[in-house]
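> Here is the input, now give the coordinates:
(one chain, ligands or ions: 1)
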Amino acid sequence: MADRYVDCGTLYDGTGYGTIRDARLVIEDGRVQEVGPVEDVPEPDDAERIDHSGEFVLPGLIDAHIHMSGLREMDPFTWLTELEQEPLRVARATVDCRDLLDAGFTTVRDLSSKIGIGLRDAIAEGEIPGPRLYTSGLAFSQTGGHSDTHFIPHRWVTDQDPGSVVDGETACRKGARKRIREGVDVIKIMATGGVLSEKDDPRHSHFTDAEIRAFVEEAHRVDIPVAAHAQGAAGIKDALRNGVDTIEHGVYLDEEAIDMLLDHDAVLVPTLSIITRLYEHGEDHGIPPWAVRKTAETHDDHLTAIRAAYDAGVTIAAGTDFIGPELVPHGENAEELELYVEEIGMDPIEAIHAATGVAGETLPDDDVGTLTPGDHADLLAVSADPTADISALRTDVDAVYKGGELASESSEQGR
Ligand SMILES: [Zn+2]
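Numbers count the residues shown, from 1 in each chain. Here you go, the predicted model:
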């Protein structure tokens, strides 16, 4: 029997681009039971009415690319020295989880962290507030790759690395199996160099076909997806040709790579927020000179590539690559959607779709990102219309519900 229902001024259900005026959403045991125009959905008996009849209601937002790192600085040397301070990082990340929820993010995909699994389980147990957390555990890199720490001597890395730098098909396969044994929801691999890594080049591809295929075979065997950090066109194509499900960043997508994204039904996660913030403010936040240079080199090409992918009809899921420091903090993740509207040319409703229904497609479960019967009743009520002004998702979130329960509400509204 229904336990509560939400009356909505306007409802967007995350499945396409349409909205319903004067909608009603009925919730039972934390899931959507029925949804539609008020005239078609009668008020259930003995159920609590939640009144958002003057507001815009949409599925809880999803950030398809974050890092639950518990970091507060942008200098990679600090990341290294704080690696051992796990209690400190967990304590900070616990606050980040709260901030994500307050910002309307009821689900996130953590694409590399050492502490994501523990946080995920603590949130699922109800011990700490936070979004539904899907995590890859630590990402895999080849020796000299994006998450190998190549600004320190190699032997120091091998001393402290918990099995995330792997070379050769057998090691990749065993690595994937270890992560699966740890209980990850997705496997993350670094298929090219990157920006916040000193000695590699974002345009160069990493891992051989056989290595990528080994990760993908093991992941798909247990029905979890593979996400590839992939910036150069060659590495993007290697990833797609060998069955990777989501391409992260896509900085140097060319025409052939875009065609392959379409042919393979793969999803592109642009992460424009981090590149924009690094480009505009990185130097003031202690990123090293080589990262300043790499950011400047990639910024324009990245925007051009994502525009071309959008124009070609590539499926785009919203992801920020936010990490936690002041420059890229959890809680401001909805900025990604503003960039899709301002820089890429999406309609606001397309940007919202990218952070709800489409972002849900990057996850192994199909009950988040949309508000159709059977889905988790994860939703937010916004006091201004985000289809008119997308920034409303950053400034006007009034209430956030996770599993039908009020998870956060704006203090200003004082409801
Ligand atoms: Zn990332």
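> wait, Glu198 sits on Pro288?
Yes: the criterion here is CB atoms under 8 Å, and Glu198 meets it with Pro288 at 7.4 Å. Yep, even glycine has a C-beta here, placed from its N, CA and C like the rest.
> Now do the shared contacts for those two.
Common neighbours of Glu198 and Pro288, counting by CB atoms under 8 Å, 6 or more residues apart in numbering, are Pro76.
> Is it correct that Arg92 is in contact with Met68?
No: in this structure, Arg92 is not within contact of Met68 by CB under 8 Å, at 9.8 Å.
> Of those two, which one has the most company?
Under the criterion of other CB atoms under 10 Å, the comparison of Arg92 against Met68 puts Met68 first, with 31 against 20.
> Contact partners for the more buried one?
Applying CB under 8 Å, 6+ apart to Met68 gives the contacts Ala93, Asp96, Cys97, Val108, Asp110, Ser113, Ile115, Gly116, Leu119, Leu133, Thr135, Gly324.
> The first one - nearest residue in space that isn't next to it in sequence?
Looking back up the chat, that one is Ala93. Spatial nearest neighbour of Ala93, chain neighbours left out: Gly70 (3.8 Å); criterion: CB to CB, 6 or more residues apart in numbering.
> Just give the number of residues close to the one you found.
Close neighbours of Gly70, defined as other CB under 10 Å, add up to 24.
> which stretches of the stretch 201-350 of the chain form helices?
Here the stretch 201-350 of the chain has its helices, by DSSP state H, counting those that start in this stretch, at 209-221, 233-241, 255-263, 272-281, 289-312, 335-339, 348-354.
> do the stretch 51-200 of the chain as well
For the stretch 51-200 of the chain, helices defined by DSSP H, counting those that start in this stretch occupy the ranges 76-81, 86-102, 116-125, 154-160, 169-182.
> tell me what the longest one is packed against?
For helix 86-102, the packing partners by 3 or more CB pairs under 8 Å, 6 or more residues apart in numbering; DSSP states H and E come out as helix 116-125, strand 397-402, strand 405-409.
> tell me the angle of that helix relative to strand 397-402?
Computed with axes from the mean of the first three to the mean of the last three CA atoms, to 10 degrees, the direction of helix 86-102 lies at 120 degrees from that of strand 397-402.
> Just the CA trace of helix 86-102, in PDB.
These are the backbone C-alpha positions of helix 86-102, laid out as PDB (Å, rounded to 0.1, in the frame of the first residue of the first chain):
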ATOM      1  CA  GLU A  86      43.100   7.200   5.600                       C
ATOM      2  CA  PRO A  87      41.000   8.200   8.700                       C
ATOM      3  CA  LEU A  88      41.500  11.800   7.700                       C
ATOM      4  CA  ARG A  89      40.400  11.200   4.200                       C
ATOM      5  CA  VAL A  90      37.400   9.100   5.200                       C
ATOM      6  CA  ALA A  91      36.300  11.900   7.600                       C
ATOM      7  CA  ARG A  92      36.500  14.500   4.900                       C
ATOM      8  CA  ALA A  93      34.800  12.300   2.300                       C
ATOM      9  CA  THR A  94      31.900  11.700   4.800                       C
ATOM     10  CA  VAL A  95      31.300  15.400   4.700                       C
ATOM     11  CA  ASP A  96      31.500  15.400   0.900                       C
ATOM     12  CA  CYS A  97      28.800  12.700   0.800                       C
ATOM     13  CA  ARG A  98      26.500  15.000   2.900                       C
ATOM     14  CA  ASP A  99      27.300  17.900   0.600                       C
ATOM     15  CA  LEU A 100      26.500  15.900  -2.600                       C
ATOM     16  CA  LEU A 101      23.100  14.900  -1.100                       C
ATOM     17  CA  ASP A 102      22.400  18.500  -0.100                       C
END
